[in-house]
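S.K.: sequence and computational prediction follow.
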Amino acid sequence: MPSSSPIIGTARPALDGPWQRTAQFAGLLDSNGQLASTIFAEMTDLARRTGAINLGQGFPDTDGPRVVLDAAKAAIAQGINQYSPGRGEPGLLAAIAEHQQRFYGLEWDPASEIIVTAGATEALAATVLALVRPGDEVITFEPFYDAYAAAIGLAGGEHVTVGLVPPTFQPDLHELDEAFSDKTRMVIVNDPNNPTGAVFTSEVLQRIVDLAVRHNAIIVTDEVYEHLVFDAATHVPIATLPGARDRTITISSAGKTFSVTGWKIGWAVGPAELIRAVLTVKQYLTYVNGAPFQPAVAAGLRLDDDFYAGVAADLQRKRDILMDGLRRAGLEPFCPSGTYFVLVGTASIGFADAADLARKLPELCGVVAVPASAFVRPEHAERYRSLLRFAFCKQEDVLREAASRLATLR
């Protein structure tokens, strides 16, 4: 019988050429084994060269709430410009704990169960490096944020994927069952999900927990889009479900909620034993970061409910503007329940290969997007070959212009 708590702290031997393994798993090596440019860099360059509207990269084109920006200025003026404490500024740790209790009824100790990181990406990398040993299996859902594969590769883990299939992009429960084994060390859950925009059902979330308990696996949740949910969707943190709290590390960040992606302030929350292991690795990555931004993020986390409702309502309105243009273009959008991305099918306008369309789109109509195949393992690319991702975290007039341009595709 597996033990009730995950095993941590086992030493790992050094890897031979870890950067090569990381690049391989991140899809950064070409057929000759050389580092290749990513599709994201290629599309950004296309947007710059052609003057196209860039809906490929997922960052807002407006600043965050004034109270948050002013708090950062005040912190700089007050001299909060040196190293912050290793775990994070006490005020931000307290604000994260308050946020978790306020929205989800979860109680965490700011002194031992929360750490501040250089964005969610560092939290994810430090977590995988701390808790995954060579040969351990790590499950993610596919399509997936590309940093997952890189971190798993660097740790020497084996990447196992469970497909998310249109139109709902919910995992098949039988495939999920089959993905778990006695070698499963960790499952990474991105919910709401980038790039699909799916919000997982309660049935899916509970099945993940039940399987993790059965196989004594750690659950890592990437919840950076936790407040960006639409229509009747509700974000349910896995840590709130029966059996999950003692084996779950919850990761989130300020970038998406407060439109400050460049600040790179994230956090990890979980049982003290697991957080201590993550902190051990994190301190040798960035050590600390963003001292004056931490009190500003604390101010943001304490904003009233109207702010959070407004963020979601604003993005839902923008989603609908873009989707209208996509439909008028003859494309087939899959309505997202969360995040600020929408996937569309391109076969309806004669492009079975979305990557081909992505490269032609700037010249065809002056808009940039990225193919969903950039978020999958090469051997699974065919399944998502005709899907294209657009970001709608832009100003409404930009989205209306993009929608108008896209409509000319028909």
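M.R.: Done, it's in.
S.K.: contacts, neighbours, all on C-alpha from now
M.R.: OK.
S.K.: buried sites along stretch 300-307?
M.R.: Within stretch 300-307, the residues that count as buried by 16 or more other CA atoms under 10 Å are Gly300, Leu301.
S.K.: which residues are contacting that stretch?
M.R.: Pro65, Val67, Val68, Ala95, Ile96, His99, Phe258 (CA atoms under 8 Å, 6 or more residues apart in numbering).
S.K.: burial of Val311, as a residue count?
M.R.: 17 (other CA atoms under 10 Å).
S.K.: that one: which element?
M.R.: Here Val311, judged by DSSP states H and E, is contained in helix 305-328.
S.K.: also Ala299?
M.R.: Counting by DSSP H and E, Ala299 is part of helix 293-301.
S.K.: could you do Ser84 as well?
M.R.: Here Ser84, judged by DSSP H and E, is contained in no helix and no strand.
S.K.: how about it, what does it touch?
M.R.: Going by CA under 8 Å, 6+ apart, the list of residues near Ser84 reads Val288, Asn289, Gly290, Ala291.
S.K.: separation between it and Leu93?
M.R.: 12 Å (CA to CA, to the nearest Å).
S.K.: and what of Val297?
M.R.: Distance from Val297 to Leu93, by CA to CA: 10 Å.
S.K.: ditto for Leu361
M.R.: 44 Å.
S.K.: higher neighbour count, these two?
M.R.: Using other CA under 10 Å, the more surrounded residue of Leu361 and Leu93 is Leu93, with 26 against 21.
S.K.: which pLDDT value belongs to the closest residue to that one other than its chain neighbours?
M.R.: Excluding its sequence neighbours, the residue lying closest to Leu93 (CA to CA, 6 or more residues apart in numbering) is Pro110, at 5.2 Å. Note for Pro110: predicted pLDDT of 98.
S.K.: over to Arg12?
M.R.: 42.
S.K.: dump the residue contacts of Gly91.
M.R.: Applying CA under 8 Å, 6+ apart to Gly91 gives the contacts Pro295, Ala298.
S.K.: one step back: tell me, how many residues neighbour the residue nearest to Leu93?
M.R.: Pro110, neighbours per other CA under 10 Å, totals 21.
S.K.: so what's it up against?
M.R.: By CA under 8 Å, 6+ apart, the neighbours of Pro110 are Pro90, Leu93, Ala94, Ile96, Ala97.
S.K.: now do the buried residues in stretch 236-246.
M.R.: Val236, Pro237, Ile238, Ala239, Gly243, Ala244, Arg245, Asp246.
S.K.: could you do stretch 83-102 as well?
M.R.: 84, 86-90, 92-100.
S.K.: likewise for stretch 157-175?
M.R.: 157-164, 166, 168-171.
S.K.: ends of that stretch, what's the gap?
M.R.: End-to-end distance of stretch 157-175 (CA to CA): 20 Å.
S.K.: show me how far that stretch is from its chain's centre.
M.R.: For stretch 157-175, the separation from the chain centroid amounts to 16 Å (computed by CA atoms, centre = their mean, to the nearest Å).
S.K.: thanks a lot, catch you later.
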